[in-house]
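Asks: predicted structure and sequence below. I'll ask about it afterward.
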Amino acid sequence: MAGYVHCSSNNFIRIGTKQQRNKDIKLIDATDAEYDFIVHARQDIPKLLNEIRRLKTVINKNKWT
């Protein structure tokens, strides 16, 4: 699981283990909101896509009634 880490003036997203420190994601001038979006994307994007599919089903059912 990724985590958002703030160390002095450096922000990064920790994705690697201690043995894989080169796997971290470092962004320059990113806002906290941008880091939060990236950190949560793996769980939030599938939820968003499922909701879009659900709403399309509702819309299609209502077209025929």
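Replies: Thanks, I have the structure now. Numbers count the residues shown, from 1 in each chain.
Asks: what distance do you get for the residue positioned nearest the centre of the chain to Asn60?
Replies: Nearest residue to the geometric centre of the chain (Cα atoms, centre = their mean): Ala41, 1.5 Å. Distance, Ala41 to Asn60, by Cβ to Cβ, to the nearest Å: 28 Å. In this view, the C-beta of every residue, glycine as well, is placed from N, C-alpha and C.
Asks: now Ile52
Replies: Relative to Asn60, and taking Cβ to Cβ, Ile52 is found at 13 Å.
Asks: cool, Ile45 as well?
Replies: Remark: distance between Ile45 and Asn60 (Cβ to Cβ) = 23 Å.
Asks: then Asp32?
Replies: 39 Å.
Asks: flag every buried residue along the helix or strand hosting Ile45.
Replies: Following DSSP states H and E, one finds Ile45 within helix 32-63. Using 16 or more other Cβ atoms under 10 Å as the test for burial, helix 32-63 gives Tyr35, Val39.
Asks: C-alpha coordinates for stretch 50-65, CSV please?
Replies: Coordinates of each C-alpha in stretch 50-65 appear next as CSV, following Å, rounded to 0.1, in the frame of the first residue of the first chain:
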residue,chain,number,x,y,z
ASN,A,50,-18.0,0.6,-11.2
GLU,A,51,-20.2,3.5,-10.3
ILE,A,52,-20.2,4.7,-13.9
ARG,A,53,-21.2,1.2,-15.1
ARG,A,54,-24.0,1.1,-12.5
LEU,A,55,-25.3,4.5,-13.5
LYS,A,56,-25.2,3.5,-17.2
THR,A,57,-27.3,0.5,-16.4
VAL,A,58,-29.8,2.7,-14.5
ILE,A,59,-30.0,5.1,-17.4
ASN,A,60,-30.4,2.3,-20.0
LYS,A,61,-33.2,0.7,-17.9
ASN,A,62,-35.0,4.1,-17.6
LYS,A,63,-34.9,4.6,-21.4
TRP,A,64,-37.1,1.6,-22.0
THR,A,65,-39.7,2.4,-19.4
